[in-house]
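Q: From the sequence below, what's the structure:
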Amino acid sequence: MIEQRFFQNAPGSPRYLPIAEHGLIGDLRTVALVGSDGTVDWYCCPAFDAPSVFAAVLDAERGGHFALAPAVPARTKQFYFPDTNVLITRFFTDEGVGEVQDFMPVAGESGDCERHRLIRRVICVRGTVPFRVRVAPRFNYGADPHTLSLLDGTALFESETMSLALTATVSMESDGADAHADFKLGEGESAVFALDQAGEHIAPRGCAHAEAERQFEATVRYWRRWLSRSRYRGRWREMVHRSALTLKLLTYAPTGAIVAAPTTSLPEQFGGERNWDYRYVWVRDAAFAVYALLRLGFTGEAEAFMKFLTTCITPGDGAASGPLQIMYGIDGRTDLPERELLHLEGHCGSAPVRVGNAAADQLQLDIYGALIDSIYLYDKWAQPISSAQWDDVTRLVAWVCDHWDQPDEGVWETRGGRKNFLYSRLMCWVAIERAIRLARRRGLPADLAQWLSARDAIYRRIMDRGWSERRRAFVQYEGGDVLDASLLMMPLAKFIAPTDPKWLSTLDALGEDLVSDSLVYRYDPQASPDGLRGDEGTFSICSFWYVEALVRAGRVDEARLAFEKMLTYANHLGLYAEEIGRTGEQQGNFPQAFTHLSLISAAFNLDRALG
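A: Residues are numbered from 1 along each chain as shown. Sure, this is the predicted structure:
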C-alpha cells in the first residue's frame, strides 16, 4: 500500500522512500528519479550537474517534489515499457486501476531539438480512480525562493535563476508557491502534465493528449531502435539490456560524456559522512563503460566518448594530478569545487549533502590504464584512432613511464594519505602494455624501448613488493598485509594467468576476508583507514569482478551461483546503486554506472564460459 508522503491528509507517513524504490527516466541531458509511489524525488534542470529542482530524496521538507498518485489507498507496481526507458507506475485501488507514464522525449526525436520536457501522462485503465497532484519545485537545491502564476492552463514557477512552466489538461490551483489539483478519471480517460524550462526565449507550450501520444510513441521508438543494435543474445538478456539502457541514460549527448551516477550525496552508510557528488565524468568509470558498451556492439557511444576526450580534455603537465584529472564536468571543465549544502538534511537525515567533488585534484594513476585500454579496444572493435589521438596516447604513456612509481590516492579515492597501491601499479602496466599492442598492430611510431623497459619494471615491482608471503596473497599496497578487491582485476586485465598459483591463493584469501555470501567489500576500513568515519556496504562492481575472476579460474559453477545471487539484489526494475547494505538495501548514488557496466561484463564472460 502506498503512503501519500506529500499530501496534507497523510499524517505519519514515511518521509523518504528507500533508494531502491525509484526508477529512472531521462533525455540524454539529465534524468529524473520517480518513486514507486509516483513522486518525482530528484530532477536537475537542464543538465545532470545543474542545481536541483526536485530533491525530496535529499530533504523531504525543503528539497521539492512532483507528487502524482491516487487520492485513495492503493497498491502499486512499477515497470518499464518493454525495451525502453519509459517508466510506468500502476496503482490498484478498490474502485479501479490507473497508471502514470513517465518519460522525457529525446531531443530531435520529438521534432523539437531545443525543448527538453518531463511528461507525466495519467490514464485510468479500469473503473474509476480519483487522483491528486502536487507540484512543489525548490530551485537551486532548495535555496532560492520562487513565485507561482496561473494563466491559461499554465502554472509558471519563477525564481531568480530559473523558470519552469507546467502545462496540464486539468485545472490547477495555487497553494502559496506550489500548484495542486484533485481530479477523477473514468475508464479510458487520461490527463497530461508537461514540465518545461521557461524563459525569455522559451515560451510555454501546451501538451495536449494528441501531442503527448505522439511524443510517447517517438520516445518508445527511439529507445527500441537504439537497443536493437545490441549483439547480446545470452542467458541474461533482460538484465544486460536494462543495464545498457541505464548506461545510455547516463550519457550527455551534447559532448559524449558519461557520468558516474546522476545523483549526489545518497549515503553509502545511513548517518555517515560518505556522501559524494557523482554527476561528473570519471575517466575510469567512463572508460569502463565504453568497454561494456563496445562488448554489446554500441560503437556510437564509444565514438562519442572518444570525441569528448579529444574536444573537451586537453592533457596538461605539471598539475598535481598529472596530465589528466581523474574527473571532469560534462562539458570538460576542470574546476569542480566541493561544498556542503547545510540547509538540506540529507537522505533519511544522512548529512552532509555535497555538490562538487574535491577528489578531482587527487592523483590516481590507475586512470591511465583504464583510458588507454578503452582506446585500444575502440581501435580494435570500432574504428582506428586518428594520428592526433595516437599523439595524445604517446604523451600519456611517456608520462606514465616516468611517474608510475609514485604513491597516489588510489582507485577508491581515499582521503587518508597517498600509498603505493598495487592496483595503481597494475593499471600503469595496462596503460603501457595496451599502447605497445596498439603500436605493433598498427605499425605506429613509439618509443618501444622505453615502454618495454617500464612495463617490465612495473611487472617485477608488483611481483616482488605486492606479494605478501605471510598472507600468501597480493595485497592492497606495498609493505602491507591488507587485501583489496581491486586486485580482482589482475587476471581480468591479463596481468597474471587466472590459474597461476599465486593468483588462486589470492582469490581464496579475498574470499575469506572480503566476500560475504557472494557480495564483496572493497577493503576493510578498520584494517586500512581511509580518512573517513564509519563503514560502508559491499561494493557491487567488486561483486561482479569476483564473478569474472571465478569464471577465469575455472570455477564456473561458483561464478554462476554468485552472479545469480547478485541479480536478486537489483531493485524491482533491475537497477543498482553503488553498494549493498547488510540487509540487502541499496546504498550510495543511484543508479551507478560502475555496477551496471560490470554486470554486463560478468554476464558476457560467464555466458561464454557456459557455452
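
Q: Report all helices and strands that the longest helix seen in the chain contacts.
A: As assigned by DSSP state H, the longest helix anywhere in the chain is helix 422-442. With contacts taken as 3 or more Cβ pairs under 8 Å, 6 or more residues apart in numbering; DSSP states H and E, helix 422-442 sits against helix 366-381, helix 387-403, helix 448-465, helix 489-492. In short, each C-beta sits where N, CA and C put it, glycine included.

Q: Throw these into CSV and include mean pLDDT, thanks.
A: What follows is the helices and strands packed on helix 422-442, written out as CSV (pLDDT from 0 to 100):
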stretch, mean pLDDT
helix 366-381, 96
helix 387-403, 95
helix 448-465, 98
helix 489-492, 97
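
Q: still on that earlier bit, name the residues of the longest helix of the chain that are buried.
A: The neighbour-count check on helix 422-442 (16 or more other Cβ atoms under 10 Å) flags 422-436, 438-439 as buried.

Q: contacting residues for Pro262?
A: 24, 26, 30-31, 33, 42, 44, 48, 249-250, 278-279, 589, 591 (Cβ atoms under 8 Å, 6 or more residues apart in numbering).

Q: Ile197: what secondary structure?
A: Ile isn't right for residue 197; it's Gln. In three-state terms, and counting by DSSP: H, G, I helix; E, B strand; the rest coil, Gln197 is strand.

Q: any idea of the pLDDT on it?
A: Listed pLDDT for Gln197 reads 90.

Q: was I right about it contacting Leu164?
A: Yes: assessed by Cβ atoms under 8 Å, Gln197 is found in contact with Leu164 at 6.2 Å.

Q: Tell me which of these two has more neighbours.
A: Leu164 (23 against 19; other Cβ atoms under 10 Å).

Q: Could you verify that the more buried one is part of a strand?
A: Yes: counting by three-state DSSP, Leu164 falls inside a strand.

Q: Find the nearest non-adjacent residue to it, please.
A: Phe157 (4.7 Å; Cβ to Cβ, 6 or more residues apart in numbering).

Q: what is the one you found paired to in the beta sheet?
A: For Phe157, the beta-bridge partners are Leu148, Leu164 (DSSP bridges).

Q: what's the spacing between it and Arg126?
A: For Phe157, the distance to Arg126 equals 34 Å [Cβ to Cβ, to the nearest Å].

Q: related to what we said a few turns ago, okay, the angle between the longest helix of the chain and helix 448-465?
A: Helix 422-442 and helix 448-465 are oriented at 150 degrees to each other (axes from the mean of the first three to the mean of the last three Cα atoms, to 10 degrees).

Q: Give me the distance from helix 422-442 to the chain's centre.
A: On the basis of Cα atoms, centre = their mean, to the nearest Å, helix 422-442 sits 26 Å off its chain's mean C-alpha point.

Q: Let me know the angle separating that helix from helix 366-381.
A: Orientation check (the same axes, to 10 degrees): helix 422-442 against helix 366-381 gives 30 degrees.

Q: pLDDT on helix 422-442, on average?
A: Averaging pLDDT along helix 422-442 gives 98.

Q: contact partners of the helix or strand His180 falls within?
A: Element membership for His180 (DSSP states H and E) is strand 178-186. Strand 178-186 is contacted from outside by 71, 98, 122-124, 127-136, 148, 150, 155, 157, 166, 168, 170-173, 191, using Cβ under 8 Å, 6+ apart.

Q: ok, back up a step: quick one: the longest helix of the chain to helix 387-403, angle?
A: 140 degrees.

Q: Let's see helix 422-442 as CSV, backbone CA atoms only.
A: Extracted C-alpha coordinates of helix 422-442, given in CSV (Å, rounded to 0.1, in the frame of the first residue of the first chain):
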residue,chain,number,x,y,z
LEU,A,422,49.1,-2.2,-6.1
TYR,A,423,46.1,-1.5,-8.3
SER,A,424,47.6,1.8,-9.4
ARG,A,425,50.8,-0.1,-10.5
LEU,A,426,48.7,-2.7,-12.2
MET,A,427,46.8,-0.2,-14.3
CYS,A,428,50.0,1.7,-15.2
TRP,A,429,51.2,-1.7,-16.5
VAL,A,430,48.0,-1.9,-18.5
ALA,A,431,48.4,1.6,-20.0
ILE,A,432,51.9,0.8,-21.3
GLU,A,433,51.1,-2.8,-22.4
ARG,A,434,48.0,-1.8,-24.4
ALA,A,435,49.9,1.0,-26.0
ILE,A,436,52.6,-1.4,-27.1
ARG,A,437,50.0,-3.8,-28.5
LEU,A,438,48.4,-0.9,-30.4
ALA,A,439,51.7,0.4,-31.8
ARG,A,440,52.7,-3.0,-33.0
ARG,A,441,49.3,-3.9,-34.5
ARG,A,442,49.0,-0.6,-36.4
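
Q: What about the contacts of strand 178-186, which are in strands?
A: Among the contacts of strand 178-186, the ones falling in strands (DSSP state E) are 98, 122-124, 127-136, 148, 150, 155, 157, 166, 168, 173, 191.

Q: Quick one: buried ones out of the residues you listed?
A: When these are checked for burial by 16+ other Cβ under 10 Å, the buried set is 98, 122-124, 129-136, 148, 155, 157, 166, 168, 191.

Q: ok, back up a step: which residues do Gln197 and Leu164 both contact?
A: Cys45.

Q: separation between the residue sitting furthest away from the middle of the chain and Met463?
A: Largest separation from the mean C-alpha position in the chain: Ala449, at 39.6 Å (Cα atoms, centre = their mean). Separation of Ala449 from Met463 (Cβ to Cβ): 22 Å.

Q: do the same with Met566
A: 31 Å.

Q: For these two, indicate the residue with more neighbours.
A: Met566 (25 against 13).

Q: In contact with that one, which residues?
A: Met566 touches Ser518, Leu519, Ser540, Ser543, Phe544, Val547, Leu599, counting by Cβ under 8 Å, 6+ apart.
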